[in-house]
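Undergrad: got a predicted model here, sequence first, then my questions.
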Number of protein chains: 2
Amino acid sequence: MSGPKADSSTVNIDRLFHALGDPTRRAMLDRLALGPLSVSNMANPLGITLTAVMQHMQILEECGLAHTEKVGRVRTCRIASAGLDALDQWVRSHRTQLERQLDRLAELLAEDDSAE
Amino acid sequence: MSGPKADSSTVNIDRLFHALGDPTRRAMLDRLALGPLSVSNMANPLGITLTAVMQHMQILEECGLAHTEKVGRVRTCRIASAGLDALDQWVRSHRTQLERQLDRLAELLAEDDSAE
DNA sequence: AGTATTGTCAAGTGGCTACTTCACTATTTT
DNA sequence: AAAATAGTGAAGTAGCCACTTGACAATACT
């Protein structure tokens, strides 16, 4: 049922941003950051159905933000690192690009100043 | 018309993730990373209407990822740093939380091993 | 002045998404 | 075995979102 276990290089950045765009899912991740939880234990404090939690977990799992495992009749949810790793990489690369651009802008402004 | 200029502490993280979740908007940012562009010059290579570009720019501006300014009849679009700054902060804080949790998990596993 | 260029407003459309309900399965507990 | 617990699957619904069209406004070119 669960898709291919995403590692940080496999993660679809599109789905990743989409996954993190939902406040309920971020709340779930925050809860999971304190420790593993069953589906029911995730559902109760959030005030949503088990089904909804399952749907969110599938999305989180798909992009390496969480991982679930079923033992007996209970499915345990944990956070995973691949998702944040991928996000971190994305941010880093785009930040350096941004800084390069701002530097260039500063240079241009400096040239303009000296030309006046 | 444009909302309050978001600085990195003001940015709504919800809207930020939502903004970055769209591939067209990320493509726009990538183009802008190479230098400022007019609305038309953004629209042409993307194959969408001027109106669509405007709508995207409003979203990017709202969360500090870009900035636009109109001079004469031409509106010039540039990237901004506040958005990525905010995102970076979010990633950092959530990563340390995640690592704490993984460390704790490792400890528990170590205890289990020594108990057997 | 007249025309082309560049952008803006308002309204509509199709598709996606979060969430629900309800019927059902699988595992424990008693 | 019967009853309770924990989760799963399918299908529906309401709301949001990306994008368009078409009418209009403002600025620049000749």
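TA: Here it is on my side, so go on. Only a predicted model underlies this, so the values are computations on that prediction, with no experimental measurement involved. Residues are numbered from 1 along each chain as shown, chains lettered A, B, ... in the order given.

Undergrad: go through the lowest-mean-pLDDT helix or strand in chain A and flag the buried ones.
TA: Lowest by mean pLDDT, DSSP states H and E among the helices and strands of chain A is helix A:82-115, with a mean of 85. Within helix A:82-115, the residues scored as buried using 16 or more other C-beta atoms under 10 Å in any protein chain shown are A:82-88, A:90-91, A:94, A:97-98, A:101. Where you see a C-beta, it was placed from the backbone N, CA and C, and this is true even at glycine.

Undergrad: how about stretch A:38-48?
TA: A:Ser38, A:Val39, A:Met42, A:Ala43.

Undergrad: and A:Ser9, how many neighbours?
TA: A:Ser9 sits with 10 neighbouring residues when counted by other C-beta atoms under 10 Å in any protein chain shown.

Undergrad: ok, it to chain B distance?
TA: 17 Å (C-beta to the nearest C-beta, to the nearest Å).

Undergrad: if we can go back for a sec, which one of the buried residues of stretch A:38-48 sits closest to A:Val11?
TA: Nearest to A:Val11 among the buried residues of stretch A:38-48 is A:Met42, at 22.0 Å by C-beta to C-beta.

Undergrad: can you count the residues close to the residue in chain A that DNA strand C sits nearest to?
TA: Ranked by C-beta to the nearest atom of the strand, the top residue of chain A for proximity to DNA strand C is A:Gly72, at 1.6 Å. The number of residues packed near A:Gly72 is 5, by other C-beta under 10 Å.

Undergrad: and if you look at A:Ala27?
TA: Applying other C-beta under 10 Å, we find 14 residues neighbouring A:Ala27.

Undergrad: with A:Thr24 instead?
TA: 13.

Undergrad: do A:Arg78 as well
TA: As a burial measure, A:Arg78 scores 16 neighbours (other C-beta under 10 Å).

Undergrad: before we move on, back to that, what distance do you get for the residue of chain A closest to DNA strand C to A:Ser38?
TA: Using C-beta to C-beta, to the nearest Å, A:Gly72 is found at 11 Å from A:Ser38.
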